[in-house]
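Trainee: The following comprises the amino acid sequence and a computationally predicted model.
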Amino acid sequence: MFYIKTNVRYINITFHLRSLSMKTVPVLSAQEAASKVNTGDTILCGGFGMTGTPVSLLHALAETKTNSLTYVGNNVGEPDLGGDRLLQNGQLKKMIGSYFTSNPNAVKYAQEGKVEYQLLPQGSLSEAIRAGGMGIGGFYTPAAAGTLIAQGYETKNLHGVDHVFVPSIRGNVAFIRAWKADTAGNLTYRMTEQNFNTAMATAADIVIAEVEEVLPVGELDPNIIHTQANFVDFLVEARLNEQFLGSSASVGSKRAGENRIRIAKRALKELKKGDIVNLGIGIPTLIADLITPDDGIILHTENGMLGVGPEPADGSGAMTNPVNAGKIPVTPIPGASYFDSATSFGMIRGGHIDVAVMGALEVDSEGTLANWAVPGKPLLGVGGAMDLASGARKLIITMNHTNKDGSPKIVKSCTLPITAKYVVDIIITDLGVFEINNKSLELIELMQGVTLDEISAKTGAVFHNKL
């Protein structure tokens, strides 16, 4: 109750705060929502693999005649799921993303010239979308500096390090996927389903959120709201099932030979208690199976999780568990947390990841890494490798010492498209362990049964023997 003095008298004014409420966001069918997209639009589509992907919205859009679309997303889904239906229908003019090689249809259509494409490192993609949503024109990042990805972009040396300027990204329409919404449009996400969704919710003229459940306003705890109501224009209530999750719905199997296990065990010795560690795909993922609680190592995955635990013992999939960057269901350890892709790559670029362990196609004697472009295949997938290579405090490479044809993978100078220059600290192979100090390759250890002559014959670069 307030009293306002006028020149005549006091007026008693009572505010009934309970009558105040948030706006109400329209709840549409997937088909109604799809009609909001116009031919020629740029659409932002959330999801990592098929986790947190607005499948119902994308499938409804695939039933329309809307075409000439520019699709922005980490990937375009898996065969016959998500954005892949738009691709096969010929509705996409261009794809902007990070990892299209996960879908053979995307590779085929790109090779045949049926769709244009633009690759960005995963961290650059998520940050470009976040910048677009925050009214920022672009940003400089060390990721991709000096690589094929940086061609055509401005490069500037900042604080002694080359940075690439990446323009911000906005869309006409964003299709995002959340767990729950209230009728005002507030959203909360489930585990690793934030990924690109949180940033995309801020970066489009029209934002349409597909959710599992719409609750009355006030039933979402304000402390767990990830996307605020003022960003969201429309809601679609649609429940997912496991067929919409593709390969990420089931636990993946690791088949590892003796050499690969030996490499992984040796890499584990490089990790210290308390280290925050990101493990790449391939041999690095084997390290996760070797870590015990006593090791005190905290695993980070770039799609938005800190504190990654083992795969679920009951064999359950992505409907009930978070997933890692390999799209494999995992479990959280005590103290684990979830966040979006922009935050995750901020951790990487900001130097908050102690160690990254990655595979490689080639490493040269000065520590330059090449691991994203497979010979004879189109350059359609870079993922988070460039961000991790330039951002982690320490970079360990695990790989076989030679290719299948016997040619060396440690070379004098990389011949494949590079990932990052002068970034590798340690190389661990099935034959030995090398350190790279001041652009100098040094052999510090031989694997059991390996001779100096053997490793010398199979190494394509001069090294210093520090045994």
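Mentor: Arrived safely, thanks for sending.

Trainee: quick one, strands of the stretch 301-450 of the chain?
Mentor: 305-308, 332-338, 355-358, 362-364, 369-370, 394-398, 410-411, 426-428, 432-437, 440-446 (DSSP state E, counting those that start in this stretch).

Trainee: Pull out the buried positions in stretch 457-466.
Mentor: For stretch 457-466, a neighbour-count test (16 or more other C-beta atoms under 10 Å) marks 458-459, 463 as buried. C-beta: built from backbone N, CA, C; applies to glycine.

Trainee: what's the closest of those residues to Phe196?
Mentor: Checking those against Phe196 by C-beta to C-beta gives Thr459 as the nearest, at 40.5 Å.

Trainee: For Pro332, list each beta-bridge partner.
Mentor: Counting by DSSP bridges, Pro332 is bridged to Val308.

Trainee: which parts of stretch 37-44 are buried?
Mentor: Residues 37, 41-44 are the ones in stretch 37-44 that count as buried (16+ other C-beta under 10 Å).

Trainee: do stretch 70-80 as well
Mentor: Neighbour-count burial for stretch 70-80 flags 70-78 (criterion: 16+ other C-beta under 10 Å).

Trainee: and that stretch, C-alpha only, in PDB?
Mentor: Taking C-alpha atoms only, stretch 70-80 is exported to PDB below (Å, rounded to 0.1, in the frame of the first residue of the first chain):
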ATOM      1  CA  THR A  70      20.600 -22.100 -45.300                       C
ATOM      2  CA  TYR A  71      20.900 -24.600 -42.500                       C
ATOM      3  CA  VAL A  72      23.200 -23.700 -39.500                       C
ATOM      4  CA  GLY A  73      24.000 -26.500 -37.000                       C
ATOM      5  CA  ASN A  74      26.800 -28.700 -35.800                       C
ATOM      6  CA  ASN A  75      25.700 -31.300 -38.300                       C
ATOM      7  CA  VAL A  76      22.600 -32.200 -40.400                       C
ATOM      8  CA  GLY A  77      21.500 -35.200 -38.400                       C
ATOM      9  CA  GLU A  78      21.800 -38.900 -39.300                       C
ATOM     10  CA  PRO A  79      20.400 -40.600 -42.400                       C
ATOM     11  CA  ASP A  80      16.600 -40.000 -42.600                       C
END
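
Trainee: thinking Ile129 is in contact with Thr198, fair?
Mentor: No - Ile129 is beyond contact range of Thr198, at 9.5 Å (criterion: C-beta atoms under 8 Å).

Trainee: Of the two, which one has the most company?
Mentor: The neighbour comparison of Ile129 against Thr198 (other C-beta atoms under 10 Å) goes to Ile129, with 31 against 28.

Trainee: quick one, helices of this structure?
Mentor: Using DSSP state H, the helices of the chain run over 30-34, 55-61, 83-88, 104-111, 122-133, 197-200, 258-268, 283-290, 341-349, 385-391, 452-457.

Trainee: would a markdown table of the ones you listed with distance to Gly97 and mean pLDDT be doable?
Mentor: Shown next, in a markdown table, are the helices of the chain (distance: least, C-beta to C-beta, whole Å; pLDDT from 0 to 100):
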| stretch | distance to Gly97 | mean pLDDT |
| --- | --- | --- |
| helix 30-34 | 21 | 98 |
| helix 55-61 | 14 | 97 |
| helix 83-88 | 9 | 96 |
| helix 104-111 | 9 | 92 |
| helix 122-133 | 7 | 98 |
| helix 197-200 | 12 | 98 |
| helix 258-268 | 30 | 95 |
| helix 283-290 | 23 | 92 |
| helix 341-349 | 12 | 96 |
| helix 385-391 | 14 | 96 |
| helix 452-457 | 40 | 97 |
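
Trainee: got those as CSV, with distance to Gly296 columns?
Mentor: Shown next, in CSV, are these (distance: least, C-beta to C-beta, whole Å):
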stretch, distance to Gly296
helix 30-34, 46
helix 55-61, 39
helix 83-88, 40
helix 104-111, 40
helix 122-133, 27
helix 197-200, 30
helix 258-268, 12
helix 283-290, 14
helix 341-349, 19
helix 385-391, 22
helix 452-457, 33
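
Trainee: and of the ones you listed, who's closest to Pro167?
Mentor: Evaluated with C-beta to C-beta, those place helix 122-133 nearest to Pro167, the distance being 6.8 Å.

Trainee: quick one: low-confidence parts of the stretch 101-250 of the chain?
Mentor: 242-250 (pLDDT under 70).

Trainee: before we move on, what about the stretch 351-467 of the chain?
Mentor: Within the stretch 351-467 of the chain, no range satisfies pLDDT under 70.

Trainee: Grab the most central residue of this protein for me.
Mentor: Most central in the chain under C-alpha atoms, centre = their mean is Asn303, positioned 4.3 Å from the mean C-alpha point.

Trainee: Next, count neighbours for Met386.
Mentor: Counted with other C-beta under 10 Å, Met386 comes out at 31.

Trainee: neighbouring contacts of stretch 272-281?
Mentor: Contacts with stretch 272-281, where a contact means C-beta atoms under 8 Å, 6 or more residues apart in numbering, come from 271, 285, 287-288, 295-302, 306, 325-326, 348, 352-359, 385, 388, 392.
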